[in-house]
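Engineer: Dropping the sequence and predicted coords here.
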Amino acid sequence: MATKLEPDLKATTEPKLSKDEVLRYSRHLIMPEVGMDGQLKLKQAKVLLIGTGGLGAPLGLYLAAAGVGRLGLVDFDVVDFTNLQRQVTFGTSDVGRSKLAAAKERLANLNPEIQLDTYEAKLTSENALDILRPYDIIVDGTDNFPTRYLVNDACILLGKPNVYGSIFRFEGQASVFGVPGGPCYRCLFPEPPPPGLVPSCAEGGVLGVLPGIIGSIQALETIKLIIGRGESLAGRLLLFDALALRFREMKLRRNPDCPVCGDHRTITQLIDYNEFCGIRGGEAAAPAVTVPEIEPRELKARLDRGDDLFILDVREPHEVQICTLNGYLIPLGDIPKRAHELDSSREIVVHCRSGKRSAEAADFLRKAGFRKIWNLKGGILAWSDQVDPSVPKY
Amino acid sequence: MSVKILIPTPLRPYAEKNESVQFDVRTVGEALDLLTGRFAELRQHLYADDGRLRSFVNVYVNDEDIRFLQKEKTPLREGDIVSIIPSIAGGLL
């Protein structure tokens, strides 16, 4: 009996494609590089995507479409209008919804054959190992340094590959970390930049297509890892410049002194990554700037009264094209060499988009001897909310 | 040796928006000295207070990391390309 039962049991546990699946994946099945073997590997694969934003959009869509059998999604954010320029999983009607709910609906509609797991949480040192453990491959589509180091360390501790992608304005990076003998994220970047040296929103922004390209490369590398075909990006750092349309490749090596994957490991459990990125970065976090602030409503009232106030806009010229409070423009970076254009005997109200750059500018001017300086609290965003809703927010 | 130094996007605001500069130098150290001499603001982004290259800034000669060559003493040949590769977190800033 037992010998007779065994093949039957095997038949029910061995993966097989249904007739619908054969049709759905036929363009994979007819190419020998994937074929039935590769497609069955995809069906059995378990991949976790950290982040369902810009990088997560092509990742989720292509991995679901390719038939990755179990796809986990981690996010805690809500879809907003500024996401739609690049996060193509979402539609206008999703604004205000949880990203996970919207992404799950979209991906389930794209491919109902796969299992979708959602984790509505911020990945932390407390929950990371439990969330990552059930998956074969982790894909890092996050947007901040603490989570990147957390994902890297958790992958090394669990022995899982980490498919990395990162973007900034029109430049992208991609690699595969954490394969046996290969480098990890810390081998490449032992420490994050201190918060004070991270570019401000004046230099921020991202070309919408860029995460589409880098996220697609991550999806490609994930599929290659699963089907065991081609040459992996592990051991190479791919750099992409979208404006020049140039791909470059750098060699990566495992660092024998790496604290997490090296020969003498000092990190054997997850640490406090906010602290690591804030304090271990080499410098204290940007000092809290103490400049007197003026509320948007108070500024409006004083302007209406006819008070003599000089409005100084420290944004970039291209931002003035979006909206303006008709202030005098000196971009933050030019303040030191153009401060002489300002009259220190007048009251000056400094503003930017959110109030951060203007606080820096006001602090600089105070130290330079300007005594009657105010920072517009919350910047143009707050002005639009509290005083003049016709001013667009960006 | 005439070599080209590529300046990455996040650091261009501190280098008068230059994408690259060309220097006549013999080592990576000399190239970085000339670069930070020409763009003083770049210095604090590339070097820590103790004068060492910051650990989140990687310098490559062609496709090799100078940490695995001779670091700042790495010799340069005519036509070499020196790249500065910063860590970027990605996403929305």
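Structural biologist: Looks like it arrived, so ask away. Numbering: from 1, shown residues only, chains lettered A, B, ... in the order given.

Engineer: which outside residues touch stretch A:100-120?
Structural biologist: Residues outside stretch A:100-120 that contact it (C-beta atoms under 8 Å, 6 or more residues apart in numbering or on different chains): A:18, A:20-21, A:24, A:52, A:56, A:60-61, A:64-65, A:67-76, A:79, A:89-90, A:94, A:98, A:131. Heads up, the C-betas are built off the backbone N, CA and C, glycines and all.

Engineer: Please read the previous query as pertaining to stretch A:255-274.
Structural biologist: Residues outside stretch A:255-274 that contact it (C-beta under 8 Å, 6+ apart) are A:125, A:128-129, A:146-147, A:149-150, A:152-154, A:156-157, A:178, A:183-184, A:186-187, A:190, A:254, B:67.

Engineer: which of these are buried?
Structural biologist: Listed as buried from the contacts of stretch A:255-274 are A:125, A:128, A:146-147, A:149-150, A:152-154, A:156-157, A:178, A:183-184, A:186-187, A:190, A:254, B:67; burial here means 16 or more other C-beta atoms under 10 Å in any protein chain shown.

Engineer: Now go through those and say which are in helices.
Structural biologist: Here DSSP state H is the test, and these give A:128, A:146-147, A:149-150, A:152-154, A:156-157, A:186-187 as lying in helices.

Engineer: Give me the subset of the contacts of stretch A:100-120 lying in strands.
Structural biologist: Judged by DSSP state E, those include A:70-75 as members of strands.

Engineer: so where's chain B uncertain?
Structural biologist: B:90-93 (pLDDT under 70).

Engineer: near chain A, which residues of chain B?
Structural biologist: B:8-10, B:13, B:44-45, B:48, B:54-56, B:58, B:60, B:63-65, B:67-68, B:83, B:85-93 (C-beta under 8 Å from any C-beta of the partner chain).

Engineer: what about the strand or helix carrying A:Glu360, near chain B?
Structural biologist: Taking DSSP states H and E as the definition, A:Glu360 sits inside helix A:356-367. No: Helix A:356-367 lies out of reach of chain B by C-beta under 8 Å from any C-beta, never closer than 11.3 Å.

Engineer: Parallel or antiparallel, which strands does the next helix or strand after that helix pair with?
Structural biologist: Following helix A:356-367 in sequence order, the next helix or strand is strand A:373-376 (DSSP H and E). Partners of strand A:373-376 in the sheet, by DSSP bridges, are strand A:293-294 (parallel), strand A:347-351 (parallel).

Engineer: Give me the pLDDT value at A:Pro194.
Structural biologist: Predicted confidence (pLDDT) for A:Pro194: 76.

Engineer: give me phi/psi at it?
Structural biologist: Backbone torsions of A:Pro194, given as degrees, to the nearest 10, read phi -60, psi 150.

Engineer: circling back: name only those of the contacts of stretch A:100-120 that count as buried.
Structural biologist: Among those, those that count as buried by neighbour count (16+ other C-beta under 10 Å) are A:21, A:24, A:52, A:56, A:60-61, A:64, A:67-75, A:79, A:89-90, A:94, A:98, A:131.

Engineer: can you list the weak-confidence ranges in chain A?
Structural biologist: Scanning chain A with the threshold set as pLDDT under 70 gives A:1-13, A:196-203, A:279-289.

Engineer: biggest helix in it by residues?
Structural biologist: Criterion DSSP H: the longest helix present in chain A is helix A:209-227.

Engineer: what about that one, distance to the chain center?
Structural biologist: Relative to its chain's centre, helix A:209-227 lies at 15 Å (C-alpha atoms, centre = their mean, to the nearest Å).

Engineer: Tell me which residues of stretch A:221-234 come out buried.
Structural biologist: Using 16+ other C-beta under 10 Å as the test for burial, stretch A:221-234 gives A:221-227, A:229, A:232-234.

Engineer: Span of it from start to end?
Structural biologist: 9 Å (C-alpha to C-alpha, to the nearest Å).

Engineer: and that stretch, does that touch chain B?
Structural biologist: No: Stretch A:221-234 lies out of reach of chain B by C-beta under 8 Å from any C-beta, never closer than 13.6 Å.

Engineer: Chain B: strands as residue ranges?
Structural biologist: Under DSSP E, chain B gives strands at B:2-6, B:20-24, B:57-61, B:64-65, B:81-86.

Engineer: Return the distance of the first one from the chain's centre.
Structural biologist: The chain centroid and the centroid of strand B:2-6 are separated by 9 Å under C-alpha atoms, centre = their mean.

Engineer: Next: the second one.
Structural biologist: Offset of strand B:20-24 from its chain centre (C-alpha atoms, centre = their mean): 11 Å.

Engineer: Export that strand to PDB, keeping only CA atoms.
Structural biologist: The C-alpha trace of strand B:20-24 is given here as PDB (Å, rounded to 0.1, in the frame of the first residue of the first chain):
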ATOM      1  CA  SER B  20      33.200  66.500 -14.500                       C
ATOM      2  CA  VAL B  21      36.600  68.200 -14.400                       C
ATOM      3  CA  GLN B  22      39.900  67.300 -16.000                       C
ATOM      4  CA  PHE B  23      43.200  67.500 -14.000                       C
ATOM      5  CA  ASP B  24      46.800  66.700 -14.700                       C
END
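
Engineer: Quick check, B:Pro8 in contact with B:Val82.
Structural biologist: No: the criterion here is C-beta atoms under 8 Å, and B:Pro8 misses it with B:Val82 at 11.7 Å.

Engineer: where does the stretch 101-250 of chain A come near chain B, residue by residue?
Structural biologist: So the stretch 101-250 of chain A meets chain B at A:142-145, A:148, A:165-173, A:188-193, A:197-206, A:211, A:237, A:239, A:248-250 (C-beta under 8 Å from any C-beta).

Engineer: Can you list which of those residues are found in strands?
Structural biologist: Reading strands off those with DSSP E, I get A:165-168, A:171-173, A:237, A:239, A:248-250.

Engineer: Which among the residues you listed count as buried?
Structural biologist: A:165-168, A:171-173, A:237, A:239, A:248, A:250.
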